[in-house]
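Novice: My questions concern the predicted model and sequence given below.
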Amino acid sequence: MTDNPELHWFKSSYSDGSEGDSCVEVANSPATIHIRDSKNLQGPQLAFAPRAWTGFVAHARG
């Protein structure tokens, strides 16, 4: 998959630690939250509706 130049990817500042290569990057667009592996920028991406992503994050935080 090619990188979409209109997406602005970011990852957690916590990813700079000893396991900093074990992260995902997130990019927001109006209708979709995009997720990719920070070690494989050209690899597959997941796409979530914002409501689904918000639910996932809330569940992950406990």
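Specialist: Good, I have the coordinates. Fair warning: this is a prediction, and the values are worked out from it, not measured in the lab.
Novice: Surely residue 35 and residue 44 touch.
Specialist: No. Contact criterion C-beta atoms under 8 Å: residue 35 and residue 44 do not qualify, at 9.8 Å. Glycine gets a C-beta too; all of them are placed from N, C-alpha and C.
Novice: And the two? Which one has more around it.
Specialist: Taking neighbours as other C-beta atoms under 10 Å, residue 35 and residue 44 compare with residue 35 leading, 16 against 9.
Novice: neighbouring strands for the helix or strand hosting the more buried one, and are they parallel or not?
Specialist: Element membership for residue 35, per DSSP states H and E: strand 33-37. Pairing partners of strand 33-37, with direction, according to DSSP bridges: strand 24-28 (antiparallel), strand 45-48 (antiparallel).
Novice: Can you tell me which of those strands is packed in deepest?
Specialist: Among these, strand 24-28 has the highest mean neighbour count (mean count of other C-beta atoms under 10 Å), at a mean of 17.
Novice: Test of understanding: give the bridge partners of residue 35.
Specialist: Applying DSSP bridges, one finds that residue 35 bridges with residue 26, residue 46.
Novice: Test for you: state the pLDDT assigned to it.
Specialist: As predicted, residue 35 sits at a pLDDT of 95.
Novice: Return the residues in contact with it.
Specialist: Residue 35 makes contact with 24-26, 45-48, according to C-beta atoms under 8 Å, 6 or more residues apart in numbering.
Novice: repeat for residue 10
Specialist: 25-27 are the contacts of residue 10 under C-beta under 8 Å, 6+ apart.
Novice: Go again with 7 Å.
Specialist: Contacts for residue 10 (C-beta atoms under 7 Å, 6 or more residues apart in numbering) come out as 25-26.
Novice: ok, it to residue 49 distance?
Specialist: According to C-beta to C-beta, to the nearest Å, residue 10 stands 19 Å off from residue 49.
Novice: Verify the contact between residue 15 and residue 23 for me.
Specialist: Yes. Counting by C-beta atoms under 7 Å, residue 23 is a contact partner of residue 15 at 4.0 Å.
Novice: Identify the contacts common to the two.
Specialist: residue 38.
Novice: per-residue confidence for the residue most central in space within the chain?
Specialist: Central residue of the chain (C-alpha atoms, centre = their mean): residue 26, 2.4 Å from the mean position. pLDDT, residue 26: 95.
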